[in-house]
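**Q** predicted model and sequence below, questions to follow.
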Amino acid sequence: MEFTLASSASAKTALLSCHQMRLGSSKLPNVWRSSLWRSRSSRRNTSLRTVALSTTAGLGNTMEAPAANAQNVNYMWPDKKRPRICIVGGGFGGLYTALRLESLVWPDDKKPQVVLVDQSERFVFKPLLYELLSGEVEAWEIAPQFSDLLANTDVRFFKDRVKCLYPCDHLGTNAPTAGTVHLESGLLIEYDWLVLAIGAEAKLDIVPGAADYALPFYTLEDAHRVDKKLRELERKNFGKDSAIRVAVVGCGYGGVELAATISERLQEKGIVQAINVEKTILSNAPAGNREAALKVLSSRKVQLILGYFVQCITKGVEPQTSDAEPKSTDSAADHSESVTLELQPAERGLQGQTIRADIVLWTIGSKPLLPQLEPSDKPYDIPLNARGQAETDETLRVKGHPRIFAVGDSSTLRDRNGKLLPATAQVAFQQADFAGWNLWAAINDRPLLPFRYQNLGEMMTLGKYDAAVSPSFTDGLTLEGFVGHTARKIAYLIRLPTDKHRVQVGISWLLKSTVDSVATIQTMLTKAQSGS
Ligand SMILES: Cc1cc2nc3c(=O)[nH]c(=O)nc-3n(C[C@H](O)[C@H](O)[C@H](O)COP(=O)(O)OP(=O)(O)OC[C@H]3O[C@@H](n4cnc5c(N)ncnc54)[C@H](O)[C@@H]3O)c2cc1C
């Protein structure tokens, strides 16, 4: 990798003129409705240098950006004529848009230069995070490095955090850039086209104590943290009769999948309680998935506390014993680090209750990250809904911004019936396909296509050999147990980002299931022999 410094008067002029135009405009359309939010960062030094980065063979396309707090430098795109696309966020929306752009056929002079920026060095296939807790998958399988995934492409990857955005495509001028992305390292990336895909984060500030004492399960790091905590508890309780008490807050897909996975992992060494404000679990899921989940949770003795919301979580207080509280089988159990959850009934007629847990997993709520990219010095005009997602038109372009596309959890769009699209990988994945195509169409002066979401069905893991899959095209059919598990794994294998990764993971899973099958047959044979 090689860094070359050069001056770029045009880039500087473009950026400054862009800023000036924005400051001078008194009629900016409304936005960043979350105007109460202010960046934690201080105002940046906008003095510009230009940096040209080029890759050398064998190093792939990953580039370390300049060190933090360095003076701002302007990224110099290798080609001055070809379109410049900057994609921020390398999840289901961002990474798959980059790969889609790579797969399209371009006229030579129009093939865009694509930069992908992500704060992490790994793409995370979030629907398979539960399998890290069951030991079913390894981190490299569900969280491959961007440098590996993009090794044979022209996409350049920056591991850096996007700090703020300065779009100017809405100003309708002939500025030589459609806007600039500021990275935490000080790198400034001018673009002709921008794709917003930074997703969302867990929302823990819903009740007092949740941020301090509950663990989210949203990122690879969260999954590692939960696994580590479970290991510690398993070690501490080894050889004792005491049960590890796990409280899962929320019984949507996330809560139910966690409760099923952890109860299977701990078996009789754990007591899993799942709390839900509604009187049922998975209220919006297909009935088949709900019934399959209820069967599995009941067979694993997961205690469902339904019709309650968590009022607060506090540290280590020994509460009055309540009927709902699980009885520890060991009076000498060490629960010194336990936490207490105060539960209030959601409806009249139920008593409040208090439960204790050694680990609390929080699965309720999420918070889109886009509002955090608002510049600290002034609000500007990306239209956001009340949750902080960019409002797009049907072609996935942000309203009022012809050069910005937004996909996945960063965006909001309604289907033809006026229903908001869910924040799911399925939506982000399908939008990436359209965003890639529509970028191609826009650059080649062709008509853009309206995005149409196709709900293919819903899947959930229920443990190592268990899952529920309700495809949308077979009304009322739910694949359960091992069949559902296999169908889900195959569906996700097909959706892994690249052919190479798919093959590597496919071989790895095949080997593991072969070893598992041999072990099962051996156990059966041993049992049969000892029985005879
Ligand atoms: C545990 C879990 C299980 C799930 N299971 C399912 C499921 O079974 N089916 C389903 O359809 N959906 C599922 N989802 C939802 C699904 O994963 C998301 O809807 C999907 O990932 C959204 O894609 P995205 O591209 O918008 O965001 P993400 O995939 O979250 O990607 C966002 C990327 O942006 C990066 N980023 C964020 N901020 C910055 C920044 N400032 N600078 C640089 N990079 C940044 C992040 O590092 C990340 O790589 C699950 C989610 C979770 C958490």
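**A** Looks like it arrived, so ask away. Numbering: from 1, shown residues only.
**Q** in the longest helix seen in the chain, what counts as buried?
**A** For the chain, the longest helix by residue count, based on DSSP state H, is helix 499-531. Within helix 499-531, the residues that count as buried by 16 or more other Cβ atoms under 10 Å are His501, Gln504, Val505, Gly506, Trp509. Glycine gets a C-beta too; all of them are placed from N, C-alpha and C.
**Q** mind giving me the domain ranges of the chain?
**A** For the chain, the structural domains run 2-201+368-443, 210-364, going by automatic domain parsing.
**Q** show me what from this protein comes close to the ligand.
**A** Selection of the chain residues close to the ligand by Cβ under 6 Å from any ligand atom yields 88-94, 117-120, 126-127, 129, 161-162, 197-199, 217-218, 254, 369, 408-410, 423-426, 428.
**Q** next step: those restricted to helices.
**A** In helices, judged by DSSP H, the following of the residues of the chain next to the ligand are found: Gly94, Gly254, Ala425, Gln426, Ala428.
**Q** and of these, the nearest to Asn455?
**A** Using Cβ to Cβ, Gln426 is the member of these that lies nearest Asn455, at 7.4 Å.
**Q** how many residues are close by that closest one?
**A** Gln426 has 19 neighbouring residues, counting by other Cβ atoms under 10 Å.
**Q** excluding residues flanking it in the chain, which one is nearest it?
**A** Excluding its sequence neighbours, the residue lying closest to Gln426 (Cβ to Cβ, 6 or more residues apart in numbering) is Leu456, at 6.5 Å.
**Q** the one you found touches Pro471, doesn't it?
**A** Yes. Leu456 lies in contact with Pro471 (Cβ atoms under 8 Å); the separation is 6.8 Å.
**Q** those two: which has the busier surroundings?
**A** Neighbour count, other Cβ under 10 Å: between Leu456 and Pro471, Pro471 has more, with 17 against 13.
**Q** can you give me how far stretch 427-442 is from the chain middle?
**A** 19 Å (Cα atoms, centre = their mean, to the nearest Å).
**Q** got the CA positions of that stretch in CSV?
**A** Coordinates of the C-alpha atoms in stretch 427-442 are reproduced here as CSV (Å, rounded to 0.1, in the frame of the first residue of the first chain):
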residue,chain,number,x,y,z
VAL,A,427,-35.2,-6.4,3.0
ALA,A,428,-31.6,-5.1,3.1
PHE,A,429,-30.4,-7.9,0.9
GLN,A,430,-33.1,-7.4,-1.7
GLN,A,431,-32.6,-3.6,-1.6
ALA,A,432,-28.9,-4.0,-2.2
ASP,A,433,-29.8,-5.7,-5.4
PHE,A,434,-32.0,-2.8,-6.6
ALA,A,435,-29.6,-0.1,-5.3
GLY,A,436,-26.8,-1.7,-7.4
TRP,A,437,-29.0,-1.9,-10.4
ASN,A,438,-30.3,1.6,-10.0
LEU,A,439,-26.8,3.0,-9.6
TRP,A,440,-26.0,1.3,-12.9
ALA,A,441,-29.1,2.8,-14.5
ALA,A,442,-28.5,6.3,-13.2
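**Q** for the stretch 201-350 of the chain, give me the ranges with low pLDDT.
**A** Residue ranges of the stretch 201-350 of the chain with pLDDT under 70: 317-336.
**Q** for the ligand, what's the nearest residue on it?
**A** The nearest approach of the stretch 201-350 of the chain to the ligand comes at Tyr218, 4.4 Å away (Cβ to the nearest ligand atom).
**Q** which residue packs closest to that residue, ignoring adjacent ones?
**A** Excluding the flanking residues, the one nearest Tyr218 by Cβ to Cβ, 6+ apart is Ala202, at 4.0 Å.
**Q** give me the phi and psi for the one you found.
**A** When read as degrees, to the nearest 10, the backbone of Ala202 gives phi -70, psi 150.
**Q** then Thr219?
**A** phi -130, psi 170.
**Q** before we move on, what about Gly349?
**A** Per-residue torsions, Gly349: phi 100, psi -10 (degrees, to the nearest 10).
**Q** can you pull out the helices in the stretch 101-250 of the chain?
**A** 130-134, 139-142, 146-149, 210-213, 220-236 (DSSP state H, counting those that start in this stretch).
**Q** so what touches the first one?
**A** Contacts to helix 130-134, defined as Cβ atoms under 8 Å, 6 or more residues apart in numbering, come from residues 137, 139, 142, 223-224, 226-227, 230, 257-258, 261-262, 264-265, 461, 463-464.
**Q** same thing but at 10 Å, please
**A** Here helix 130-134 makes contact (Cβ atoms under 10 Å, 6 or more residues apart in numbering) with 125, 136-139, 141-143, 217, 220, 223-224, 226-227, 230, 254, 257-258, 260-262, 264-265, 460-465, 489, 492.
**Q** which of the residues you listed count as buried?
**A** Buried members of those, scored by 16+ other Cβ under 10 Å, are 125, 136-137, 141-143, 217, 220, 223, 226, 230, 254, 257-258, 260-262, 264-265, 460-464, 489, 492.
**Q** pLDDT score assigned to Val518?
**A** pLDDT, Val518: 86.
**Q** run a quick neighbour tally on Gly135.
**A** Applying other Cβ under 10 Å, we find 11 residues neighbouring Gly135.
**Q** wait, isn't it in contact with Asp227?
**A** Yes. Gly135 is in contact with Asp227 according to Cβ atoms under 10 Å; the separation is 9.0 Å.
**Q** identify the contacts common to the two.
**A** With Cβ under 10 Å, 6+ apart, Gly135 and Asp227 have common neighbours Arg265.
**Q** residue ranges in the stretch 51-200 of the chain under the pLDDT threshold?
**A** 51-70.
**Q** in it, which residue sits nearest the ligand?
**A** Residue of the stretch 51-200 of the chain nearest the ligand, by Cβ to the nearest ligand atom: Gly91 (1.8 Å).
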